[in-house]
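Participant: Please work out how this folds:
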Amino acid sequence: MISVLNRLQQLNGSKLLCVALLLALVGCGTQKKVATKQTRVSTTPRANQGNNKANSKVEEVKWTIVDPEEVIPIGAPEVVKTKKLGTYSVSLLVPFSGDKAQSAELTSKSAPAYKFISYYAGAKMAAEDSRIGSTVDVNVFDSSSGNLGSITDNPTLRSSDVIVGPYDTGELKEVAEFAKANKITHISPWKSSKSIASNNAYHLQTKPSLTQHYQKMVEDAVKSFPSSELIVIGNSSSSDKKRMDYLAKIAGSLGRNDVTQFVVNEDSLLVGDTAFDSIFVQDKTNVFLLPNWSSNDESFIYGCVRKLRVEKGEAKVIVYGMPKMMDTEKITYDFYNNLNIHIIRSEFVDKTSANYRTLRTRFFNEYNAFPTEDLYEGYDMMSFVLNNLENHGKNFQMKVGRDSNRYLQTSYDIAGVPISSAELADKPSNIKYFENTALSVIEFKDGRFRKKR
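Facilitator: Sure thing, here's the model as predicted:
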């Protein structure tokens, strides 16, 4: 029998995350059929995390570990849902890479296994902390097993009310179609793309899209600095040219038709005295919009920021950037101060907050390791799911809109994406998918990052 342990255990006395859960998931690589067992987790409230109802009756959340190798007999009858109101089932498809659970890879916080263990731990803690009155079964599948068909054929998954994941884009598309056919809410917590789902009102992407980031960037710049010089910068590639045109188009829709598009010579970022020439206007605020976002753009982003800092002189400069500008270790606090950098982000946790410190300490005490940021993502995702099952029931993505609950690092404002620009997302048949549109502007002020007010 496989049972989920409530603790991720150590290996050889070190602080290496070794998860009995992962070993159980892969069945030690054998073909042996193993039965499934449920472990009940008490949801007695802990210290206030600030994101759930305070006075609801506390029930319990049941966690089930499902063996991905378990054979489902051909022709097995489909499970018919006969749930009473307030009882729900959630399935998590997480790529634990269970076959690597005992390898040295887990010593690196950048390893996929470490990332998803932190995410799972956050989701589990949120379930334990939940104060909702409903009863929820949470079923965990290792989606890195390489056999998605055995998971989607499993009656446990087929009877779910919510499916979260998986991570792989191809598998994500398959599960989105499966959820659509079975009218199950499907959440993509890690990836957002226009190509994952089509005409699928059951698919919800909780990470705001790239276009939503650009919209927020331009809107905040235009609103906050109405009399500024507005300058979009990029390199000479065709993709950057398209991005620059897109930002200029957004600005035009907001009444700013005077946007400058400045193409940076990448060689000038490495050699030579100047990269930005005489672009700075001394008697105005110069607002630079840098839309590059991927890891491949990290050197370009750093080069632009470094040159702007050196060349601006006495000019007043504001720089807007994407999350990568905040995540890179190349850009130090001095850059943030000197250039008044603003970052567009969907997730931001105040590391000075009591809730952040409490959850981080709790993870360390339980697992004897430090978490990645995925801990807070997992915590918020599960809290969001449980809160909205409680408030709206099945297929809550069609009803939730702006979620007024306070979460650790994420905000949620759910909107339908219309199939075509000529339509309104006013009914399921007109909806391509649902997406989270909530974004924040993060600025560095008084020696720390904080949300712009």
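Participant: show me where pLDDT drops low in the chain?
Facilitator: 1-85, 98-112, 421-426 (pLDDT under 70).
Participant: In the record's domain split, what are the boundaries for it?
Facilitator: The chain resolves into domains spanning 9-208+356-436, 216-345 when parsed by automatic domain parsing.
Participant: Can you give me the end-to-end span of the shortest one?
Facilitator: Looking back up the chat, that one is domain 216-345. 9 Å (Cα to Cα, to the nearest Å).
Participant: just stretch 437-446 next, same as before
Facilitator: 28 Å.
Participant: Off-centre distance for it?
Facilitator: For stretch 437-446, the separation from the chain centroid amounts to 16 Å (computed by Cα atoms, centre = their mean, to the nearest Å).
Participant: next one: stretch 397-414
Facilitator: The answer for stretch 397-414 is 13 Å, by Cα atoms, centre = their mean.
Participant: Can you show me the strands along the stretch 51-200 of the chain?
Facilitator: Assigned by DSSP state E, counting those that start in this stretch, the strands in the stretch 51-200 of the chain fall at 60-65, 87-94, 135-142, 162-164, 185-188.
Participant: What are the contacting residues of the last one?
Facilitator: Under the criterion Cβ atoms under 8 Å, 6 or more residues apart in numbering, residues 161-165, 172, 175-176, 178-180, 196-197, 200, 202-207, 381, 385, 394-397 lie in contact with strand 185-188. Just so you know, the C-beta spots here come from the backbone N, C-alpha and C atoms, and that holds for glycine as well.
Participant: Okay, buried residues for it please.
Facilitator: 185-188 (16 or more other Cβ atoms under 10 Å).
Participant: Need those in a markdown table (columns: distance to Pro323).
Facilitator: Below are the buried residues of strand 185-188 laid out as a markdown table (distance: Cβ to Cβ, whole Å):
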| residue | distance to Pro323 |
| --- | --- |
| Thr185 | 26 |
| His186 | 24 |
| Ile187 | 20 |
| Ser188 | 18 |
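Participant: Tell me the one of those nearest Leu408?
Facilitator: Ile187 (17.4 Å; Cβ to Cβ).
Participant: what's across from that closest one in the sheet?
Facilitator: Bridge pairing for Ile187 (DSSP bridges) gives the partners Val164, Leu204.
Participant: quick one: it and Leu172, what's the gap?
Facilitator: As judged by Cβ to Cβ, to the nearest Å, Ile187 and Leu172 stand 10 Å apart.
Participant: SS state for Trp293?
Facilitator: Counting by DSSP: H, G, I helix; E, B strand; the rest coil, the backbone at Trp293 sits in coil.
Participant: That one contacts Tyr214, doesn't it?
Facilitator: No - with contacts counted by Cβ atoms under 8 Å, Trp293 stays clear of Tyr214, the gap being 9.4 Å.
Participant: closest to Lys452 out of the domains of the chain?
Facilitator: The nearest among these, by Cβ to Cβ, is domain 216-345 at 6.9 Å.
Participant: can you give me how far that closest one is from the chain middle?
Facilitator: Worked out by Cα atoms, centre = their mean, domain 216-345 lies 25 Å from the chain centre.
Participant: before we move on, what about stretch 210-229?
Facilitator: 22 Å.
Participant: Show me what it is in contact with.
Facilitator: 192, 230, 243, 246-247, 250-251, 254-256, 260, 281, 284-287, 289, 291, 293, 318, 320, 322, 342, 344, 346, 435, 437, 439, 441, 452.
Participant: Name the residues of that stretch that come out as buried.
Facilitator: For stretch 210-229, by 16+ other Cβ under 10 Å, it's 210, 212-222, 225, 228-229.
Participant: Could you do stretch 369-379 as well?
Facilitator: Buried, per 16+ other Cβ under 10 Å, within stretch 369-379: 369, 371-379.
Participant: Now flag whichever of these is closest to Gly416.
Facilitator: Among the buried residues of stretch 369-379, and counting by Cβ to Cβ, the member closest to Gly416 is Glu377, at 23.3 Å.
Participant: and that closest one, what is it in contact with?
Facilitator: Here Glu377 is in contact with 119, 122, 189, 347, 409-410 (criterion: Cβ under 8 Å, 6+ apart).
Participant: Could you do Gly378 as well?
Facilitator: 118-124, 126.
Participant: follow-up on the earlier one: go through the buried residues of stretch 369-379 and flag which are in strands.
Facilitator: Under the assignment DSSP state E, these contribute nothing to strands.
Participant: Next, format those as CSV and append distance to Ile419.
Facilitator: Listed next are the buried residues of stretch 369-379 as CSV, based on distance: Cβ to Cβ, whole Å:
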residue, distance to Ile419
Ala369, 45
Pro371, 39
Thr372, 36
Glu373, 34
Asp374, 33
Leu375, 36
Tyr376, 34
Glu377, 29
Gly378, 31
Tyr379, 33
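Participant: Might one say that Met398 is in contact with Leu204?
Facilitator: No - counting by Cβ under 8 Å, Met398 sits too far from Leu204 to count as a contact (9.5 Å).
Participant: hey, what's in contact with both of the two?
Facilitator: Going by Cβ under 8 Å, 6+ apart, residues that sit against Met398 and also against Leu204 are Phe434.
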